[in-house]
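**Student:** The sequence isn't on hand, but the structure is:
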């Protein structure tokens with residue numbers, strides 16, 4: 001996908017800011033949308049997507065309408081698998097950069113002193129345009145999984161709990177494989193899976209642990225919170 005070639009740390013590569021703005025232009029979005037079809041797959045880009053890190057997520061709404069979404073982790077499980085003498089586990093964030101020897105097409109996401117790598121972690125705060133409309137505070141370690149949960153909130157038949165507990169497809173822009181969470185209580189219907197396979201996808205069982213997405217919604221003064229059962233968290237109010 002183009003974004004993995006164009007995007008990078010704007011503090012280290014200022015042109016990334018202009019590239020982001022260009023990708024969000026209506027004409028660019030229309031061009032990308034025209035490539036999406038119910039009958040075929042979007043061709044993979046020249047660079048792979050960054051690996052999904054292992055991370056924890058916290059969503060907060062306080063009585064004064066202050067919203068916090070925080071996603072934090074050490075990269076892969078147990079990070080770099082090295083720790084300090086005091087027991088602090090070091091992250092493996094360097095692995096989120098592209099290898100200069102392999103990124104021959106050019107990318108801003110190359111290792112450089114002080115540069116931050118691309119990541120799929122996605123804290124999200126969504127606000128309806130009207131006063132006291134729906135507010136959503138959520139987030140997760142995988143943007144594509146989080147998007148699937150958030151899109152369901154636009155369906156009036158869904159609520160926060162059903163949106164976060166619904167089945168998800170584990171995808172990667174550089175692969176036709178779709179990971180299926182086989183041991184979850186809610187599953188995609190066989191007709192949906194057959195349609196995806198007819199388009200050229202290959203389905204497989206997704207390995208655990210599954211990334212989770214927690215969230216809080218507020219509509220007028222009505223609060224709803226839910227901790228995804230894929231993780232080990234708890235929704236708390238006080």
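**Tutor:** All right, it came through fine. From a predicted model like this one, the values you see are computed outputs, not experimental measurements.
**Student:** for the protein, what spans make up the helices?
**Tutor:** For the chain, the helices defined by DSSP state H occupy 2-6, 15-23, 26-34, 143-152, 160-165, 190-198.
**Student:** In contact with the residue nearest in space to the middle of the chain: list those residues for me.
**Tutor:** Centroid-nearest residue in the chain: residue 143, 1.1 Å away (criterion: Cα atoms, centre = their mean). Neighbour list for residue 143: 120, 121, 122 [criterion: Cβ atoms under 8 Å, 6 or more residues apart in numbering]. Just so you know, the C-beta spots here come from the backbone N, C-alpha and C atoms, and that holds for glycine as well.
**Student:** so how far is residue 25 from it?
**Tutor:** Per Cβ to Cβ, to the nearest Å, residue 143 is found 20 Å from residue 25.
**Student:** And residue 205, by the same measure?
**Tutor:** Per Cβ to Cβ, residue 205 is found 39 Å from residue 25.
**Student:** can you check residue 71 too?
**Tutor:** On the measure of Cβ to Cβ, residue 71 and residue 25 end up 28 Å apart.
**Student:** more neighbours, those two?
**Tutor:** Neighbour totals were compared for residue 71 and residue 25, and residue 71 leads with 22 against 10 (other Cβ atoms under 10 Å).
**Student:** which regions of this protein sit below the pLDDT cut-off?
**Tutor:** 1-5, 39-52, 103-106, 173-174 (pLDDT under 70).
**Student:** Do you have the strands of it handy? List them.
**Tutor:** Here the chain has its strands, by DSSP state E, at 54-61, 67-75, 122-127, 135-140, 169-170, 177-180, 202-205, 213-219, 222-226.
**Student:** for the residue nearest to residue 75 when sequence neighbours are not counted, what are its contacts?
**Tutor:** Leaving aside its chain neighbours, residue 75 sits nearest to residue 92 (4.0 Å; criterion: Cβ to Cβ, 6 or more residues apart in numbering). If you count contacts by Cβ under 8 Å, 6+ apart, residue 92 has them with 74, 75, 76, 79, 80, 81.
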